[in-house]
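**Student:** One predicted model, sequence on top.
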Amino acid sequence: MFESNPTYLEWTEGADYGIELLRQDWQNASQATGRHMLAIRDRETGELAGVIEYLENNDRDGHPWIGLIMVHADRKREGIAGEAMLAVCSHVNLNWASPVRIGVIEHNRAGLALAVSLGFQPYGEADEDFGGEPARLILMERRT
């Protein structure tokens, strides 16, 4: 999954992200209260199509955040990412929260276009160091 998206890995993790770091991320997500990392599977085949990670409540600002959405390169442009993001938005909004927030790397034009198409609107910018190169994030939120 991650290896099919080398540009994203370069932006966020550098070139050294592999299965061991993925396992560590998955374990960290499963141990953190309110943090969820979910596999996105094809409805018909059960094949892994993507991954989404979200926080029910970010301690920094009190809002839910989608922290990662990634679809296998062979499955892009099928609506999988948008469907997963809307499902997370619906889930957290049923529980209490609005707006749902995301940070999109400014170089990720497809990610920005997806977010806008789902109703996310920019509200700010931030610099983040993911372990790869420092990145500028476009901060966005979606109200219900």
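**Tutor:** Sure thing, it's come through.

**Student:** Could I get the full set of strands for this protein?
**Tutor:** With DSSP state E applied, the chain shows strands at 35-41, 48-55, 65-71, 100-105, 121-129, 134-142, listed in chain order.

**Student:** Among the ones you listed, show me which one is buried the most.
**Tutor:** Most buried of these, by mean neighbour count (mean count of other CB atoms under 10 Å): strand 100-105, with a mean of 23. Glycine gets a C-beta too; all of them are placed from N, C-alpha and C.

**Student:** Would you check how far apart the residue nearest to the spatial centre of the chain and Arg109 are?
**Tutor:** The C-alpha lying nearest the average C-alpha coordinate of the chain belongs to Leu68 (CA atoms, centre = their mean; 1.8 Å). Computed with CB to CB, to the nearest Å, the distance linking Leu68 and Arg109 is 18 Å.

**Student:** the bottom helix or strand of the chain by mean pLDDT?
**Tutor:** Least confident helix or strand, the chain: helix 6-12 with a mean of 63, by mean pLDDT, DSSP states H and E.

**Student:** quick revisit: thinking the residue nearest to the centre of the chain is in contact with Val51, fair?
**Tutor:** Yes - taking CB atoms under 8 Å as the definition, Leu68 is a contact partner of Val51 at 6.7 Å.

**Student:** where do the contact lists of the two overlap?
**Tutor:** When CB atoms under 8 Å, 6 or more residues apart in numbering defines a contact, the residues bordering Leu68 and Val51 alike are Met37.

**Student:** what bits of the chain have low per-residue confidence?
**Tutor:** Along the chain, the parts satisfying pLDDT under 70 run over 1-19, 21-22, 26, 29, 94-97, 131-133.

**Student:** about what we covered before: can you name the residues that contact the residue nearest to the centre of the chain?
**Tutor:** For Leu68, the contacting residues are Met37, Val51, Ile52, Glu53, by CB under 8 Å, 6+ apart.

**Student:** The first one and Ser98: what is the separation?
**Tutor:** Yep, that's Met37 we're talking about. In terms of CB to CB, Met37 sits 22 Å off from Ser98.
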